[in-house]
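> need coordinates for the following:
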Amino acid sequence: MSQGRPTPPADLIELGAVRGAYGVKGWVRIAPHSADAEVLRATRQWWLQQRGAVRAVEVTGLKRHSGQLLAKWPGCETPEAAEALKGATVAVARSGFPPPPQGTYYWADLIGARVVNRAGEELGTVRALSSNGAHDLLEVVDGDAVRLVPIIETYVDEIDVAGRTIRVDWQRDW
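Reported below is the predicted structural model:
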């Protein structure tokens, strides 16, 4: 990076993508990866990743619009400048996330966690998370085996983010 520009932090988490311009004053349409876009709404330093380049922007204006966010930052003053960002991803440093509400977790914190059942058997590690509309799912990988474990109270006994362990009521052969 050039002198005077901040160095991207190592803990960037992608949270959305630029979809194009909005209006005539350089506002940008952002499609967040999560419906509530909590972290994007709570933080003002975002990192744009486009064509191998990463740069910081300081968000000065933010509002919801039709399931998306509209964002404004210095240096993006025209619809052409905003449209040129179409396709860029929007990331935030994990260290800049606000604390999650009690009993909730950021998906990014669960990736790589060990999953252990009540019998003490290690079922694998969390490779990804997804939602099937009814609830979120842990994608647990152990070699070639892939298990989808619903993140619901019936099956998840404990999530220990600090210890990187998730204890579940789930059998190896399910």
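> just list the residues touching Ala56, thanks.
Shown in contact with Ala56 (C-beta atoms under 8 Å, 6 or more residues apart in numbering): Arg5, Pro6, Pro8, Gln45, Trp46, Trp47, Leu48. The C-beta positions use only the backbone N, C-alpha and C, and glycine is treated the same way.
> count the neighbours of the third one for me.
By that I understand Pro8. 16 (other C-beta atoms under 10 Å).
> before we move on, the earlier item: in strands, which of the contacts of Ala56 fall?
Counting by DSSP state E, the contacts of Ala56 place Gln45, Trp46, Trp47, Leu48 in strands.
> out of these, which are buried?
Neighbour counting by 16 or more other C-beta atoms under 10 Å classes Trp46, Trp47, Leu48 among the ones in strands among the contacts of Ala56 as buried.
> Ile13 contacts Gly96, correct?
No - applying C-beta atoms under 8 Å as the test, Ile13 and Gly96 come out as separate, 9.5 Å apart.
> now for the two: what residues contact both?
By C-beta under 8 Å, 6+ apart, Ile13 and Gly96 have no common neighbours.
> so where's the chain uncertain?
Within the chain, the ranges that satisfy pLDDT under 70 run 1-4.
> tell me where it has helices.
For the chain, the helices defined by DSSP state H cover 38-42, 79-83, 107-110.
> those helices: which one's closest to Gly67?
Of all the helices of the chain, it is helix 38-42 that lies closest to Gly67, at 13.1 Å by C-beta to C-beta.
> need the residues that contact that closest one.
The contact list for helix 38-42, computed with C-beta under 8 Å, 6+ apart, reads 13, 15-16, 30, 32, 46, 62, 69, 90, 92, 97-98, 106.
> these into TSV, with extra columns for distance to Asp173?
Shown next, in TSV, are the contacts of helix 38-42 (distance: C-beta to C-beta, whole Å):
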residue	distance to Asp173
Ile13	34
Leu15	36
Gly16	38
Ile30	43
Pro32	38
Trp46	44
Leu62	48
Leu69	44
Val90	41
Val92	39
Phe97	37
Pro98	40
Tyr106	31
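> buried only: go through these for me.
Buried subset of the contacts of helix 38-42 (neighbour count, 16+ other C-beta under 10 Å): Ile13, Leu15, Gly16, Ile30, Pro32, Trp46, Leu62, Leu69, Val90, Val92, Phe97, Tyr106.
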